[in-house]
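> need a structure here:
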Amino acid sequence: PLAETEPPTPIDWPLGTPDAIISIEPQSVPATGTVDYRYLFAQSPFPSDVWLRAVSVKPGDRSVVHHCLVFKGTFAEIAALQGGLSGFFAGYVPGMEDAAFPEGTGKQLRRSDIIVFQMHYTVSGTATTDVTQLGLYLADAPPEKPLITSSAFNVDFVIPPNAQSVAVSATKAFPTGATLYEFSPHMHYRGSSSKFVVEYPDGSEETVLNVPSYFFDWQALYRLEQPISIPPGSVLRCEGTFDNSIQNRFNPGPSEEVRFGEQSWEEMFIGYVNYTEN
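Okay, here's the model as predicted:
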């Protein structure tokens, strides 16, 4: 059944007015067809290196912004992020709520950093123009430790046609130990579940997040009520399942063999984690 009332209008900046705002150049999005990823460049708006307590991505036209990832750094540092597979500076996906960085953490923006917006648009049937913005919130002082966004990811999986439960996993090692704060699984329309497990050096394991019903159109960043400190040699394992059957009503093509790809009818398997090094 249809909702009886219209959904609330999104608040421009849920964290308050940013200290600085970076806008991309207006992007024309066609009514139909496939739109390849677009990469747009900007510079830091601050005259010196700064520490940030929060960053927020505000899509200009939510009907066509599938996601936006923002990277920063030197060209080599940005290239090492592999298009977002292994981390990002800021991001927007449907359903992700704005939140300040965990207490005692922050991210640095250097005056010399290049800022890159990765824009993924999906057509809506109506031609439109998007101007996505990045809001930057200054910290009063440097944090106790910098927050790092990284991931466990897998690009080598194959999902057979009509398969209902295909397991995929990926790992990330922490040779020097870490404090874990937040997790965010990322798959596309065939993604059905995800789990994050810490493998400790003594052989024991601990499930730190279980998402039994993953939904591509409403992705979330899960923050632990209490951060978890893991010792050197620990490994974070991200597990997930894909449903490529006809029972998955969101499946764009049950009869297709599916591999890694950037478009939503293809698949991804990424387990993002926000942490500080011990």
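> for the host helix or strand of residue 181, packing partners?
Secondary-structure assignment from DSSP states H and E places residue 181 in strand 178-186. Taking 3 or more CB pairs under 8 Å, 6 or more residues apart in numbering; DSSP states H and E as contact, the helices and strands that strand 178-186 lies on are strand 191-199, strand 205-211, strand 222-230, strand 234-242, strand 270-277. (Each C-beta comes from the backbone N, C-alpha and C, glycine too.)
> now with 10 Å, please.
strand 148-153, strand 191-199, strand 205-211, strand 222-230, strand 234-242, strand 270-277 (3 or more CB pairs under 10 Å, 6 or more residues apart in numbering; DSSP states H and E).
> what average pLDDT does the second one get?
Confidence over strand 191-199 (mean pLDDT, whole number) is 98.
> ok, the first one next?
Strand 148-153 comes out with an average pLDDT of 98.
> equivalent analysis for the third one, please.
Averaged across strand 205-211, the pLDDT comes to 98.
> next, the angle from that strand to strand 191-199.
Note on geometry: by axes from the mean of the first three to the mean of the last three CA atoms, to 10 degrees, strand 205-211 and strand 191-199 are set 160 degrees apart in direction.
> please identify the buried residues of strand 205-211?
By 16 or more other CB atoms under 10 Å, the buried positions in strand 205-211 come out as 208-209, 211.
> and residue 164, how many neighbours?
Burial of residue 164, expressed as a neighbour count using other CB atoms under 10 Å, amounts to 14.
> one more: residue 60?
Residue 60 has 18 nearby residues by other CB under 10 Å.
> thought it was touching residue 25?
No: no contact is recorded between residue 60 and residue 25 when judged using CB atoms under 10 Å, the distance being 11.1 Å.
> need the overlap of contacts for the two.
Shared between the contact lists of residue 60 and residue 25 (criterion: CB atoms under 10 Å, 6 or more residues apart in numbering) are residues residue 131.
> for residue 41, see how far away the nearest residue to residue 178 once chain neighbours are set aside is.
Computed as CB to CB, 6 or more residues apart in numbering, the closest residue to residue 178 that is not its neighbour in sequence is residue 275, at 4.4 Å. Remark: distance between residue 275 and residue 41 (CB to CB, to the nearest Å) = 28 Å.
> who has more neighbours out of those two?
residue 275 (26 against 10).
> residue 189 versus the more buried one, what's the distance?
Computed as CB to CB, the residue 275 to residue 189 distance reads 29 Å.
> on that earlier part again, surely the residue nearest to residue 178 and residue 176 touch.
No: at 11.1 Å, residue 275 does not count as touching residue 176 under the criterion of CB under 10 Å.
> so what's residue 57 bridging to?
Per DSSP bridges, the residues bridged to residue 57 are residue 134.
> ok, it touching residue 92?
Yes: assessed by CB under 10 Å, residue 57 is found in contact with residue 92 at 3.8 Å.
> who's in contact with the residue nearest to residue 178?
For residue 275, the contacting residues are 102, 105, 145, 147-150, 172, 174, 177-183, 227-230, 236, by CB under 10 Å, 6+ apart.
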